[in-house]
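In: just to be clear, the model below is a prediction. Sequence and coordinates:
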Number of protein chains: 2
Amino acid sequence: MSKELRAYIAGFLDGDGSIHVRLKPNKTYRFRFQIAPSIVFYQSKKERKYLEWMQKTLQKGYLRDRNDGIVEYIVGDQQSILWLIKELLPYLKLKQKQAQLMRETLLLKNKVKNGGDFLRLSKRIDEFQKLNYSKKRTQNSLLVKETLKREGLLTP
Amino acid sequence: MSKELRAYIAGFLDGDGSIHVRLKPNKTYRFRFQIAPSIVFYQSKKERKYLEWMQKTLQKGYLRDRNDGIVEYIVGDQQSILWLIKELLPYLKLKQKQAQLMRETLLLKNKVKNGGDFLRLSKRIDEFQKLNYSKKRTQNSLLVKETLKREGLLTP
């Protein structure tokens, strides 16, 4: 990507995008939660073509039509996220911290060996809520801790 | 401004900014309406510093604290608007039409000589509503027409 294109997309992400990680309860996963990282761009469905252009340009991710008239362009796989962060980080101004936290989270995720590691990872993920001024007050890590304990996955 | 900075700000404006012209009823004006053009950037007040940075960088406009927790960075004078459009236009993707319409509107405004000219200008301004997907259905130009007629400012 050209420098101008990287700067443009960084500006668009700062203005109206989102960098976050969700922890979804899922019993089929070893530690009972799925880790779902994503970088998301939003537009009204009237501007769907614009997000299609962005997807074609970046050659990553997919579009999702919500039922409230909003279209999301979601980059959700780890490799694409790390690539996109590498491209945008020098230009981001508002979401630089989120981008760095995402990078650290994914590195940490790849190193998880036991319940303790997973709990530490979930605490790191809690930090997104602060950075994103989320209204959600629940700390994911508390739920993770309870679950891991209950399932005997947290060795002392 | 560097190309990267121009591209970044264009991206931010495409994501979360606004380019529009308001027609405000005001009896002290010759044609009974004030024409208020603006380019506006929005952020939550927690990110006020970011908009301060933008204002310092562009050296135009001013910040306005709304009472709903949003801060606006407003570029509202004609000269600054035309300068900013010149800088951003090559990089805008979503709001390119609004930027061009703004430029044409300001040129037209400077040429207004009579009520007929002013009415044509107000029709041009109505086009912002379409481009911005405004929910407001009232056409400014209808109100302008009535007013000009009533005040005898529209010669046939």
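Out: Happy to help now that I have it.
In: so, in contact with chain B or not, the longest helix along chain A?
Out: Longest helix in chain A, counting residues (DSSP state H): helix A:115-131. No: judged by C-beta under 8 Å from any C-beta of the partner chain, helix A:115-131 stays clear of chain B, getting no closer than 10.6 Å. For every residue, glycine as well, the C-beta is placed using N, CA and C.
In: next, the buried residues of that helix.
Out: Buried residues in helix A:115-131, counted by 16 or more other C-beta atoms under 10 Å in any protein chain shown: A:115, A:118-119, A:121-129, A:131.
In: measure residue A:35 to chain B for me?
Out: 27 Å (C-beta to the nearest C-beta, to the nearest Å).
In: how long is stretch A:49-66 end to end?
Out: Stretch A:49-66 has an end-to-end distance of 15 Å (C-alpha to C-alpha, to the nearest Å).
In: centre of the chain to it, how far?
Out: Mean-position distance between stretch A:49-66 and its chain equals 17 Å (C-alpha atoms, centre = their mean, to the nearest Å).
In: distance between stretch A:94-114 and the chain's centre?
Out: Relative to the chain's own centre, stretch A:94-114 is displaced by 9 Å; criterion: C-alpha atoms, centre = their mean.
In: and for stretch A:83-92?
Out: So, by C-alpha atoms, centre = their mean, the centroid of stretch A:83-92 is 14 Å from its chain's centroid.
In: for chain A, what spans make up the strands?
Out: Per DSSP state E, chain A carries strands over the ranges A:17-25, A:33-44, A:62-65, A:70-75.
In: so which of these gets nearest residue B:26?
Out: Among those, the nearest to residue B:26 by C-beta to C-beta is strand A:33-44 (32.3 Å).
In: the closest one: partners in the sheet, and parallel or antiparallel?
Out: Note on strand A:33-44: by DSSP bridges, its sheet partners are strand A:17-25 (antiparallel), strand A:70-75 (antiparallel).
In: got the residues of chain A near chain B?
Out: Those residues of chain A that sit near chain B, judged by C-beta under 8 Å from any C-beta, are A:3-17, A:43-44, A:46-47, A:50, A:53, A:91, A:93-94, A:133.
In: sitting in helices, which of those do you find?
Out: Per DSSP H, the subset of those in helices is A:3-16, A:50, A:53.
In: show me which residues of stretch A:14-24 are buried.
Out: A:14, A:15, A:16, A:17, A:18, A:19, A:20, A:21, A:23.
In: returning to what we had before: let's have the strands of chain A in CSV, adding mean pLDDT.
Out: As requested, those are arranged in CSV below (pLDDT from 0 to 100):
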stretch, mean pLDDT
strand A:17-25, 95
strand A:33-44, 96
strand A:62-65, 98
strand A:70-75, 97
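In: and the ones you listed as JSON lines, adding distance to residue A:100?
Out: Formatted as JSON lines, the strands of chain A follow (distance: least, C-beta to C-beta, whole Å):
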{"stretch": "strand A:17-25", "distance to residue A:100": "10"}
{"stretch": "strand A:33-44", "distance to residue A:100": "13"}
{"stretch": "strand A:62-65", "distance to residue A:100": "25"}
{"stretch": "strand A:70-75", "distance to residue A:100": "17"}
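In: nearest to residue A:149, of the ones you listed?
Out: Across those, closest to residue A:149 is strand A:33-44 (C-beta to C-beta), at 13.7 Å.
In: name the residues of the closest one that are buried.
Out: Buried, per 16+ other C-beta under 10 Å, within strand A:33-44: A:33, A:35, A:37, A:38, A:39, A:40, A:41, A:42, A:43.
In: now do stretch A:89-96
Out: Counting neighbours by 16+ other C-beta under 10 Å, one finds that the buried residues in stretch A:89-96 are A:91, A:92, A:94, A:95, A:96.
In: out of the residues you listed, which one sits closest to residue A:84?
Out: Nearest to residue A:84 among those, with distances taken as C-beta to C-beta, is residue A:92, at 10.7 Å.
In: low-confidence ranges in chain A?
Out: Scanning chain A for pLDDT under 70 picks out the ranges A:134-137, A:156.
In: let's see that with 80 instead.
Out: By pLDDT under 80, the low-scoring segments of chain A are A:133-138, A:155-156.
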